[in-house]
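Participant: When you get a sec, could you give me coordinates for this:
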Amino acid sequence: MLLGLQLGPGLAAPQPAALPLLQGLTLLLIAFIAYSWCLYPPAVPLLLTLSFGVALLWAAPRLPQAGWGWHATALVSLSALAGWLQQTRGLRLRRLARAVIDIEEEQGVKQQALVKAQDVQHALEYKLARYRRLQLLAEELGSLTEAPAVAQAAVERAFELIGKSDTCLLFLVEPGQRELALRASKRREGLTPIRDKHGDQFDRHALRSHRPLLVADARRDFRFTAPLNAERIIGSVLACPLLIGGRPEGVLRLDAAQPGRYNQDDLRFLDILLDLVSTAMTNARLFAEAQQLAKTDGLTGLTLRRPFLERLARELARAGRTREPMAVLMIDVDHFKRYNDTFGHTAGDAVLKTLGELLRSAAPPEAALARYGGEEFAALLPRATRAQALEIAEQLRHLVETRAVEYQRGKAAAVTISIGLAAFPEDGRADLELVRIADRRLYQAKHQGRNQVCGL
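Facilitator: Numbers count the residues shown, from 1 in each chain. Okay, the predicted model is just below:
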């Protein structure tokens, strides 16, 4: 075939012996053209096919006719088949490419969803860890029975659990006032101590509004003036009122120098924490009241015998170290049984209550006063000499003698008392020894006619 392509119009046809070789070469060329449809872009095999077809048409009149028609048919059939296969493969490849793109897009979407799910999981784990620590805090606060310990635990745990803060402060309302007072604090290392002991505009706002406060940027919040504090920069604030029995009793506040440190989750978490602190504060106050009731006589408001003796032992130890004087008074109402029998037990209670009030008014502030038992009272006078104690005892006796006790409306009766005195260290150095000596002198005063003080 190739030899035929090189024959000019005036040249003779090839010899019959060369025809098999020429046909073999032609078949080989047809196979190559057909195969090129699978290897190259359509333009290359199309050009080869057209070139071969033109050459075949040109050489056909010069070649024997036997067998060349099916060569042309094979060329056209194979080229068409190869072209169709290439088109089909191209379509398949485009579909695969599109499928790959779709898979990659889906993978990207799933990857984003996975990242978001991981973020949500981390956030949930963080919240769960916070609430677990809240549970531990509830157990810790439940074991505390003193208000100062509760306050310090509250600021330390809030500083730790919320994080992000430079300082954490707990202000409590002063009893009988509406002014805040700093009761506990926690600050980041390197910061100067807190000098503002009564709160600022943020604390007062939370106290007045009874609602939690979140300030993202203290310098841009229209509710507040820009904080001017040369010692401590305040950029963001988180504060919650401490409500006890529905009343605002204080403010727990965190702040940081950078704006935008806190979010709504922090605010909700701090609000829950304040509920625990409120419960713990209530329990601490109830415990303190119960302790006070256990130490205090309900009628007179004075200390009972056991706490009085404990205070006496402590004061004796202190006086022994400092070598300072001290005195003990034992006081008894004269003819108290006769008074009770005459006017009734209600009148007797009025006498005891009045005597407790007079004891508080006559004794110095550092004195310890007690209802020792029945109608008997005791007074501990730290740093009082015998002469000073005798003077105080005489003032009390005179005060009771000149004060008529009203046991009913419009009805009053005169009451007198007898007092025995023992001085440290002259009369004794042990607590019970001093009480025994003062009690013996009390009965000595009664035997000598009552309504008098016996100190020797």
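Participant: wait, isn't residue 203 in contact with residue 237?
Facilitator: No. Under the criterion of C-beta atoms under 8 Å, residue 203 is not in contact with residue 237, lying 9.1 Å apart. No exception for glycine: its C-beta is placed from N, CA and C like everyone else's.
Participant: joint contacts of these two?
Facilitator: Overlap between the contact sets of residue 203 and residue 237, as judged by C-beta atoms under 8 Å, 6 or more residues apart in numbering, is given by residue 253.
Participant: of these two, who's got more company?
Facilitator: Neighbours of residue 203 and residue 237, each counted by other C-beta atoms under 10 Å, are more numerous for residue 237; the result is 27 against 23.
Participant: does that one count as helix, strand or coil?
Facilitator: strand (DSSP: H, G, I helix; E, B strand; the rest coil).
Participant: and it, what are its bridge partners?
Facilitator: Bridge pairing for residue 237 (DSSP bridges) gives the partners residue 215, residue 255.
Participant: Let me know the pLDDT of it.
Facilitator: In this prediction, residue 237 carries a pLDDT score of 93.
Participant: And residue 56, by the same measure?
Facilitator: Predicted confidence (pLDDT) for residue 56: 67.
Participant: same check, this time on residue 358
Facilitator: 91.
Participant: Tell me the spacing between it and residue 370.
Facilitator: If you measure residue 358 against residue 370 using C-beta to C-beta, to the nearest Å, the figure is 14 Å.
Participant: So for those two, which sits in the more crowded spot?
Facilitator: residue 370 (27 against 19).
Participant: contacting residues for the more buried one?
Facilitator: 297, 302, 303, 304, 305, 307, 308, 377, 378, 379, 380 are the contacts of residue 370 under C-beta under 8 Å, 6+ apart.
Participant: Just the buried subset of those, written out for ChimeraX, thanks.
Facilitator: To isolate the buried subset of these in ChimeraX, counting by 16 or more other C-beta atoms under 10 Å, use the following:
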select :297,302,303,304,307,308,377,378,379,380
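Participant: and of the contacts of residue 370, the nearest to residue 273?
Facilitator: residue 307 (35.5 Å; C-beta to C-beta).
Participant: Apart from its chain neighbours, what residue comes closest to the closest one?
Facilitator: Closest residue to residue 307 apart from its sequence neighbours, by C-beta to C-beta, 6 or more residues apart in numbering: residue 295 at 4.2 Å.
Participant: Does that neighbour touch residue 303 like I think?
Facilitator: Yes. Using C-beta under 8 Å as the test, residue 295 is close enough to residue 303 to be in contact (5.8 Å).
Participant: Among the contacts of residue 370, name the ones in helices.
Facilitator: 305, 307, 308 (DSSP state H).
Participant: which other helices and strands contact the one helix or strand residue 116 maps to?
Facilitator: In the assignment (DSSP states H and E), residue 116 maps to helix 68-142. Applying 3 or more C-beta pairs under 8 Å, 6 or more residues apart in numbering; DSSP states H and E, we find helix 68-142 packed against helix 19-39, helix 43-59, helix 147-162, helix 264-295.
Participant: just the angle between it and helix 147-162, please?
Facilitator: With axes from the mean of the first three to the mean of the last three C-alpha atoms, to 10 degrees as the basis, helix 68-142 and helix 147-162 are set at 170 degrees to each other.
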